[in-house]
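Engineer: Mind looking at a prediction? Sequence and model below.
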Amino acid sequence: GAGVSQSPRYKVAKRGQDVALRCDPISGHVSLFWYQQALGQGPEFLTYFQNEAQLDKSGLPSDRFFAERPEGSVSTLKIQRTQKEDSAVYLCATRTMADTQYFGPGTRLTVL
Amino acid sequence: ILNVEQSPQSLHVQEGDSTNFTCSFPSSNFYALHWYRWETAKSPEALFVMTLNGDEKKKGRISATLNTKEGYSYLYIKGSQPEDSATYLCASSPLSGGSYIPTFGRGTSLIVHP
């Protein structure tokens, strides 16, 4: 594809519901990042993959957050038992070795 | 400076005005400084990546400078147009760890009035 795509673009969940957010990277991009952007804040790092290996997950806020990239391409960010404070825009970005990150449009999650 | 800080938080200018924003970042262990433009309902778009002290980059009416010793970067927009309205994010990547995970500022929201 031409760029990074994310789905769904918008998600409304009831508190306690599980959600799964998908990221389709640019073909051939080895590195993939997930960020969380709360209202009025900058994107906050969640986790980082190089191919299928999750090299850093230090930014995941709790054990309710889980990310995977089983074949080194598509990645899924899963949030279990969503809480109101999980409401945010979730951004996916991929990167070549040249360091420029290419972002998807984000998924706006609203937890009621 | 422990975090990446951007100022001002928001800015309203008239079409044709020139403007600039500031990004401050930790000067120690520095690898790269990134500027992004994020228009509403679109993906953040990379504008510049700079690594060397004194770097200056230009893309049309937008330019950026980098001072790694004191830990700041300026983004300039000459002759602002309504289509420049967006949030401008900067991010600093550290040298350690090998993954160069960037830390983002909160952004500067620019609105250009026709």
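Structural biologist: Perfect, I can see it now. Numbers count the residues shown, from 1 in each chain, chains lettered A, B, ... in the order given.
Engineer: count of residues packed around residue 77?
Structural biologist: No chain was given, so I picked chain A. Applying other C-beta atoms under 10 Å in any protein chain shown, we find 24 residues neighbouring residue A:77. The C-beta positions use only the backbone N, C-alpha and C, and glycine is treated the same way.
Engineer: looking at chain B here, not the other one
Structural biologist: With other C-beta under 10 Å as criterion, residue B:77 counts 22.
Engineer: List the beta-bridge partners for it.
Structural biologist: residue B:19, residue B:62 (DSSP bridges).
Engineer: Let me know how buried whichever residue of chain B sits closest to chain A is, in neighbour terms.
Structural biologist: Evaluated by C-beta to the nearest C-beta, chain B has residue B:104 as its residue closest to chain A, separated by 3.7 Å. Residues lying near residue B:104 (other C-beta under 10 Å) number 24.
Engineer: beta partners for residue B:94?
Structural biologist: Going by DSSP bridges, residue B:94 forms beta bridges with residue B:30.
Engineer: which ones are touching it?
Structural biologist: With contact taken as C-beta atoms under 8 Å, 6 or more residues apart in numbering or on different chains, residue B:94 is in contact with B:26, B:29, B:30, B:31, B:100, B:101, B:103.
Engineer: okay, the residue nearest to residue B:72 when sequence neighbours are not counted: pLDDT?
Structural biologist: Closest residue in space to residue B:72, ignoring its immediate chain neighbours: residue B:24 at 5.0 Å, by C-beta to C-beta, 6 or more residues apart in numbering or on different chains. pLDDT, residue B:24: 97.
Engineer: Pull out the buried residues from the host helix or strand of residue A:76.
Structural biologist: For residue A:76, the enclosing helix or strand under DSSP states H and E is strand A:75-79. Residues of strand A:75-79 classed as buried: A:75, A:77, A:79 (neighbour count, 16 or more other C-beta atoms under 10 Å in any protein chain shown).
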